[in-house]
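J.: sequence first, predicted coordinates after that:
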Amino acid sequence: MISSTQPVAYTSPYAWIFWIVFLIAYVPELLVVARAKPAPGDKTDRGSMTLIIIASWLALPATFWVAPCSRFALHNHRIVWFALGLTILLAGSALRRYCFRTLGRYFTGNVKVQADQPVIQHGLYRFVRHPSYTGAMFMYFGTGLALTNWLSILIIVGMGVITYSYRVHVEEHALGNSIGQPYVEYMQRTKRFIPFVF
């Protein structure tokens, strides 16, 4: 039988810190989802927002449910991993907020291309096409790490990799079709998530 190890995030006073940071990071994400309403008959999103929502509903509870599993727990330096996880979570959230501001009205929860949409190429968008998804992956990894459990990390990050891989495919296809050659050229000189790397 697998024994349980209470995660740092489940004990006081760390639980208070965890949930405050968690809400600060994730409540704005819920607001983005709430505003994601495709126009009637618009198929541009191809279900990517629905996939992200369903996958999150499944993965997040599972991430928290397995966190006490001793077999996968980070037993050493747990406070350090907890603090580092929250730091990464906040950094990912800050990156997402930066992307919200940089894209302005062109940042949407669902894949949507506007008729006059330009190729945004300033700030981080000079180097990567999807820094907001990089930020989301930081948030997922930080959440799992703050729960001090490798299986939690694997579940939540795995969910992010699967959903955002599909989302990027859909989004780049839509932007390439709508904007045309300027976006194709932008894709050729930038990376998707990590500057100069990937």
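T.: Good, I have the coordinates.
J.: so what's residue 137 up against?
T.: The contact partners of residue 137, by CB atoms under 8 Å, 6 or more residues apart in numbering, come to 92, 157, 160, 161, 164, 193. Where C-beta positions appear, they are placed from N, C-alpha and C, glycine not excepted.
J.: recalculate using a threshold of 6 Å.
T.: Neighbour list for residue 137: residue 160 [criterion: CB atoms under 6 Å, 6 or more residues apart in numbering].
J.: with residue 98 as the reference, measure out to it.
T.: For residue 137, the distance to residue 98 equals 15 Å [CB to CB, to the nearest Å].
J.: and stretch 171-178, what's buried?
T.: Neighbour counts over stretch 171-178 (16 or more other CB atoms under 10 Å) mark 171, 172, 174, 175, 176 as buried.
J.: actually, stretch 46-66.
T.: Those buried within stretch 46-66 under the rule 16+ other CB under 10 Å are 46, 48, 49, 51, 52, 55, 56, 59, 60, 63, 64, 66.
J.: ditto for stretch 71-85
T.: Buried positions in stretch 71-85, judged by neighbour count with 16+ other CB under 10 Å: 72, 73, 74, 78, 81, 82, 83, 85.
J.: assign a three-state SS to the closest residue to residue 84 other than its chain neighbours, would you?
T.: Excluding the flanking residues, the one nearest residue 84 by CB to CB, 6 or more residues apart in numbering is residue 145, at 6.2 Å. Of the three states, residue 145 takes helix under DSSP: H, G, I helix; E, B strand; the rest coil.
J.: surely residue 129 meets residue 190?
T.: Yes - because the distance of 5.2 Å satisfies CB atoms under 6 Å, residue 129 is recorded as touching residue 190.
J.: the two - which one has more neighbours?
T.: A direct count of neighbours by other CB atoms under 10 Å for residue 129 and residue 190 places residue 129 higher, at 22 against 17.
J.: contacts only, for that one.
T.: Counted by CB under 6 Å, 6+ apart, residue 129 has contacts 190, 192.
J.: can you dump the C-alpha atoms of the host helix or strand of residue 19 in PDB for me?
T.: Secondary structure assignment for residue 19, by DSSP states H and E: helix 14-35. Presented in PDB, the C-alpha positions along helix 14-35 are these (Å, rounded to 0.1, in the frame of the first residue of the first chain):
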ATOM      1  CA  TYR A  14       1.800  27.300   3.700                       C
ATOM      2  CA  ALA A  15      -1.700  26.400   2.500                       C
ATOM      3  CA  TRP A  16      -2.800  30.000   2.900                       C
ATOM      4  CA  ILE A  17       0.200  31.200   0.900                       C
ATOM      5  CA  PHE A  18      -0.400  28.600  -1.800                       C
ATOM      6  CA  TRP A  19      -4.100  29.400  -2.300                       C
ATOM      7  CA  ILE A  20      -3.500  33.200  -2.300                       C
ATOM      8  CA  VAL A  21      -0.900  32.800  -5.000                       C
ATOM      9  CA  PHE A  22      -3.000  30.200  -6.900                       C
ATOM     10  CA  LEU A  23      -6.000  32.600  -7.000                       C
ATOM     11  CA  ILE A  24      -3.900  35.600  -8.000                       C
ATOM     12  CA  ALA A  25      -2.500  33.500 -10.900                       C
ATOM     13  CA  TYR A  26      -5.500  31.600 -12.100                       C
ATOM     14  CA  VAL A  27      -8.500  34.000 -11.600                       C
ATOM     15  CA  PRO A  28      -7.500  36.200 -14.600                       C
ATOM     16  CA  GLU A  29      -7.300  33.000 -16.600                       C
ATOM     17  CA  LEU A  30     -10.900  32.100 -15.700                       C
ATOM     18  CA  LEU A  31     -12.000  35.600 -16.900                       C
ATOM     19  CA  VAL A  32     -10.300  35.000 -20.200                       C
ATOM     20  CA  VAL A  33     -12.200  31.700 -20.600                       C
ATOM     21  CA  ALA A  34     -15.500  33.400 -19.600                       C
ATOM     22  CA  ARG A  35     -15.000  36.000 -22.400                       C
END
